[in-house]
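Engineer: the amino acid sequence is not available; the structure is as follows:
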């Protein structure tokens, strides 16, 4: 039985088929569902409201409208991405919704899949297990038509590309992630480990300028400037609304402490950087790998707007950490807790009374990933250069 499971998971074709099917089923489910109400105004919108927000943003961009205003006659909630992302979404907006939605979810699923398979020094079986571990979180992301699978894929792919010395494409992945969600900027920390930093800097500047210029195909400079002013205003107002599934939310929920979000983020940034003073370890693959998984979890747990669908990024980090790391009792308990409370708790497989009485009120979806991140930082601080570079309890390939 074990050998059959390992053989199935080690066949990349099986995993690809599963990912394609999940993406298409999530899209068909969303497109075929009836109208849904959001908030208290009683207005009805499509089940795939987030996709409509993205699609309409391109129309608003072309029509010289404010991207960051409310359009309650079209969709619920605000558009919170850059003008460049609105221009990018023009690729999907030309298709009927069911087609565009399917392509969007396939992009999120398959880029993540490709990024994991592109990672060096992991067996195909290990990569298959990683992708299966995160599948439920990816499904949550796709059912909400969000971009977090794409973010996770871009950050993981950037590491694989850096390891293969493909600096130009690695810098594009990180820069594009920033143009989708600003917290992707943490991905630039990976550049510390690689030579030819001047090339990375030049590529970064070049890609940034190119992505900044794209919206000017449809709007003039005056409108573009106005959009960025509106974007900054939206981000400023959005900052104070909630704590989200984050460290800030955990502190507030468990200890009833009103925390300053900026201070918590600053503390998180300092803790993230503490292991990075160990310059002699910069050529150790395992140390670079731990930094990559630390980034994936950090950008979620220190994001005050983190929602349930955002956790595909953090769970990708958790799965990558567990597969590559020591399988001791603590690590196993932490990972199983993450799988149960982060991935399973929002689903119908989890008892509703436990979810409503404990998981949601106490933010248990976030807590395992927070604890895993602190364990990663602890391991990085104690990382021993004398240990073998590939400290892997590999599964059979």
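Structural biologist: Structure received. Please read all numbers here as calculations on a predicted model, not as lab measurements.
Engineer: confidence score at residue 219?
Structural biologist: The model reports residue 219 with a pLDDT of 97.
Engineer: mind listing what it touches?
Structural biologist: The contact partners of residue 219, by C-beta atoms under 8 Å, 6 or more residues apart in numbering, come to 61, 64, 83, 227. Using the backbone N, CA and C atoms, a C-beta is placed for each residue, glycine as well.
Engineer: so what secondary structure elements neighbour the helix or strand bottoming out on mean pLDDT in the chain?
Structural biologist: None of the helices or strands of the chain scores lower by mean pLDDT, DSSP states H and E than strand 36-37, at a mean of 82. Packed against strand 36-37 by the contact rule (3 or more C-beta pairs under 8 Å, 6 or more residues apart in numbering; DSSP states H and E) you find strand 44-45.
Engineer: thinking again about what came up before, would you point out the most distant pair within the contacts of residue 219?
Structural biologist: Greatest spatial distance among those (C-beta to C-beta): 64 and 83, at 11.5 Å.
Engineer: which of the two has more residues huddled nearby?
Structural biologist: For the pair residue 64 and residue 83, the greater number of neighbours falls to residue 83 (27 against 13), based on other C-beta atoms under 10 Å.
Engineer: thinking again about what came up before, let's see which of the contacts of residue 219 end up in helices.
Structural biologist: The helices, defined by DSSP state H, take in 61, 83, 227 from those.
Engineer: just those now: which is nearest residue 345?
Structural biologist: Distance to residue 345 across these (C-beta to C-beta) is lowest for residue 83, with 36.1 Å.
Engineer: what's near enough to touch the nearest residue to the closest one once chain neighbours are set aside?
Structural biologist: In this structure, residue 83 finds its nearest non-sequential neighbour in residue 215, 4.2 Å apart by C-beta to C-beta, 6 or more residues apart in numbering. For residue 215, the contacting residues are 61, 83, 84, 86, 87, 224, 227, by C-beta under 8 Å, 6+ apart.
Engineer: confidence score at residue 215?
Structural biologist: The model's pLDDT for residue 215 equals 97.
Engineer: which residues of the stretch 101-250 of the chain fall in helices?
Structural biologist: 124-133, 135-143, 148-163, 167-180, 197-213, 221-238, 247-255 (DSSP state H, counting those that start in this stretch).
Engineer: which one of those lies nearest to residue 346?
Structural biologist: The closest of these to residue 346 is helix 135-143. By C-beta to C-beta, the value is 6.2 Å.
Engineer: contacts for that closest one?
Structural biologist: 18-19, 22-23, 26-27, 29-30, 105, 108-109, 112, 148-149, 308-312, 315-316, 342-344, 346-347.
Engineer: could you measure the closest residue to residue 26 other than its chain neighbours against residue 37, distance?
Structural biologist: In this structure, residue 26 finds its nearest non-sequential neighbour in residue 142, 3.9 Å apart by C-beta to C-beta, 6+ apart. Taking C-beta to C-beta, to the nearest Å as the measure, residue 142 falls 22 Å from residue 37.
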